[in-house]
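Provided below for reference: sequence and predicted model.
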Amino acid sequence: MSVVAQVERFVAMGTRIELHLFGSGFADVLVAARRAIESVDDALTIHRPSPTTAVNDGLLAGRDVAIDDPVLIEALIAIQAVHALTEGLFDPAIDHRFSGAGWGDVVFDSRMARIAATRPLALDFGGFGKGFALDRACAVLRDAGVVSACLSAGESSIAVVGEHPLGGGWPFAIPHPLLEGAVLVELELLDEALSISTTVGAGTHAPERAAMIRPSDGAIVTAARCAVVVDRSGGTAEALSTALLVADDDRAQLLLDGGPTRRFLYDLSQEAAPTVDVARMHAA
């Protein structure tokens, strides 16, 4: 069976992006999907001047800030929702430089497109931005009639549109971040997104990677863990996988049991232990 594939590869959001679209006649759509991801990068980055850095300058100075970037407004609305969904465990305003500050100190008026904070703080969307960007790109593809596509942002954020080009779900094997050749879990995705977050492995040593901080007490999380979440929304999957990493045992179990999505949390402190024994899982 012959399958026509179109591929776009580029760098954005500090990682390698790959867009694989199956079907003919979609060259312009692939470019539009790339532009959707790049627009998120332009809006949410804190590594160069952007609408987010402009907001952060105002919040750090104690000012009320007007937001004129529609992508940033959409992201902040999504952040409000996932902050509530994770009971505050995903918090883009947590920063060890501003002890005690967090999203709870943010006053965001989506109707008036204004944001303020009751104490100095700054926003860092972290991995959420990658999932949010893939969501926007998938929306572009679906709106154009694409029925089969696979998008990835690095090796930790993946989204698929429709079925695999050969039919059925898209199969993925999630590798153990410490044991070469070992697999944590095998999954199939169908019109879904996947997020992998971990405190160990090569990717955790990147110089720009922020520390994992538990919002409830400000502690930096160093326990060897890996979280895997599947959700219809890439942004939600990213928020949930981050929340699982920083949660204490009781709150992690609530998140594992708290929704229809597939959520997995692995204790990697015993590197040589069989993964079936070290995994705490919730599967729909």
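Perfect, thanks for sending it.

Just give the number of residues close to the spatially closest residue to residue 101 that is not a sequence neighbour.
Distances taken as CB to CB, 6 or more residues apart in numbering put residue 121 closest to residue 101, at 4.0 Å, once the chain neighbours are dropped. Bear in mind the C-beta positions are built from the backbone N, C-alpha and C, glycine included. Neighbourhood size, residue 121 [other CB atoms under 10 Å]: 21.

quick one, what contacts residue 121?
Contacts for residue 121 (CB atoms under 8 Å, 6 or more residues apart in numbering) come out as 59, 60, 93, 95, 98, 101, 102, 105, 106.

repeat that with 7 Å
Applying CB atoms under 7 Å, 6 or more residues apart in numbering, we find residue 121 in contact with 59, 93, 95, 98, 101, 105.

same thing with residue 7?
Neighbour list for residue 7: 18, 19, 20 [criterion: CB under 7 Å, 6+ apart].

so it sits in a strand?
Yes - using DSSP: H, G, I helix; E, B strand; the rest coil, the assignment for residue 7 is a strand.

Contact partners for residue 227?
Applying CB under 7 Å, 6+ apart to residue 227 gives the contacts 197, 241, 244, 245, 264, 265.

So what pairs up with it in the strands?
Counting by DSSP bridges, residue 227 forms beta bridges with residue 197, residue 265.

distance of it from residue 31?
Taking CB to CB, to the nearest Å as the measure, residue 227 falls 33 Å from residue 31.

same deal with residue 61?
As judged by CB to CB, residue 61 and residue 31 stand 39 Å apart.

Between those two, which is the more surrounded one?
Taking other CB under 10 Å, residue 61 and residue 31 do not tie; residue 31 has more neighbours (13 against 9).

What average pLDDT does whichever strand or helix holds residue 171 get?
Taking DSSP states H and E as the definition, residue 171 sits inside strand 170-175. Across strand 170-175, the average pLDDT comes to 96.

Please report how far the residue nearest to residue 101 lies from residue 94.
9 Å.
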